[in-house]
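Visitor: make a model of this:
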Amino acid sequence: MSMTAIVRTDDSKPLLGFWIYIMTDCVLFASLFATYAVLYQNTNGGPDGYQLFNLKSVLAETLVLLTSSFTCGLAMLAAHRGDRRQTILWFVITFLLGVTFLTLEATEFRHFVQMGDSWRRSGFLSAFFTLVGTHGLHITVGLSWMLIMLFEVIHKGLGRITIRRLTMLSMFWHFLDIIWIFIFTIVYLRGAIAP
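Guide: Below is the predicted model:
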């Protein structure tokens, strides 16, 4: 058996496992979207999305997160070229954009809660906070993973295993961007339309 075949076999098992994880996350988010679809009109006399959502703020969140996906892609291109400095630079920018996104999302949540529109007020708000909050939790996990990988790249360089790990991180980050596009469309755009 050639060394190439051994490398491919070694890489294929973790990547297959990671794809299975991504599929289970798809099921999780599909369940949350289905719950939101059932509950989005259950406002219990409270505000609905049209009254709550500020599309300018949400558009800023969206642009920040989509830009972070682009910079993550640039980081991976640099990693595959073996350019450690550029890989670190682009992942640091991606990390900062991710933190900016989370800050904007936390600010929105805090504003809703201060106005008395927390997850306890209605089925709509409960489903909203659960769906968007679960995405935010995934972003937090992605940022933590990114810090770990930055530490690894700084101290160990760009070996085969590190690049494989960066590839999985990149797949996870792009997956979260795709989920956000669905949240932006189904939750915010649909909710901002007058009933």
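Visitor: show me which residues of the longest helix seen in the chain are buried.
Guide: Longest helix in the chain, counting residues (DSSP state H): helix 3-39. By 16 or more other CB atoms under 10 Å, the buried positions in helix 3-39 come out as F18, D25, F29, L32, F33, Y36, L39. Backbone N, C-alpha and C define where each C-beta goes, glycine included.
Visitor: stretch 76-93 now?
Guide: For stretch 76-93, by 16+ other CB under 10 Å, it's M76, A78, A79, R84, T87, I88, W90, F91, I93.
Visitor: need the contact list for the most centrally placed residue in the chain.
Guide: In the chain, the centroid-proximal residue (CA atoms, centre = their mean) is L176; its distance is 3.0 Å. Residues near L176 by CB atoms under 8 Å, 6 or more residues apart in numbering: L65, H135, H138, I139, G142.
Visitor: any idea how far the fourth one is from H111?
Guide: Between I139 and H111 the distance is 19 Å, computed by CB to CB, to the nearest Å.
Visitor: same check on L32?
Guide: In this view, L32 and H111 are 22 Å apart by CB to CB.
Visitor: one step back: what would the contacts of L176 look like in TSV with pLDDT and secondary structure?
Guide: Converted to TSV, these look like this (pLDDT from 0 to 100; DSSP: H, G, I helix; E, B strand; the rest coil):
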residue	pLDDT	secondary structure
L65	97	helix
H135	97	helix
H138	97	helix
I139	98	helix
G142	97	helix
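Visitor: quick check: ChimeraX command selecting the buried ones in the residues you listed.
Guide: Of these, the buried ones can be selected in ChimeraX as follows, counting by 16+ other CB under 10 Å:
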select :65,135,138,139,142
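Visitor: list just the nearest of the contacts of L176 to L104.
Guide: L65 (9.4 Å; CB to CB).
Visitor: which residue packs closest to that closest one, ignoring adjacent ones?
Guide: Excluding the flanking residues, the one nearest L65 by CB to CB, 6 or more residues apart in numbering is F101, at 4.9 Å.
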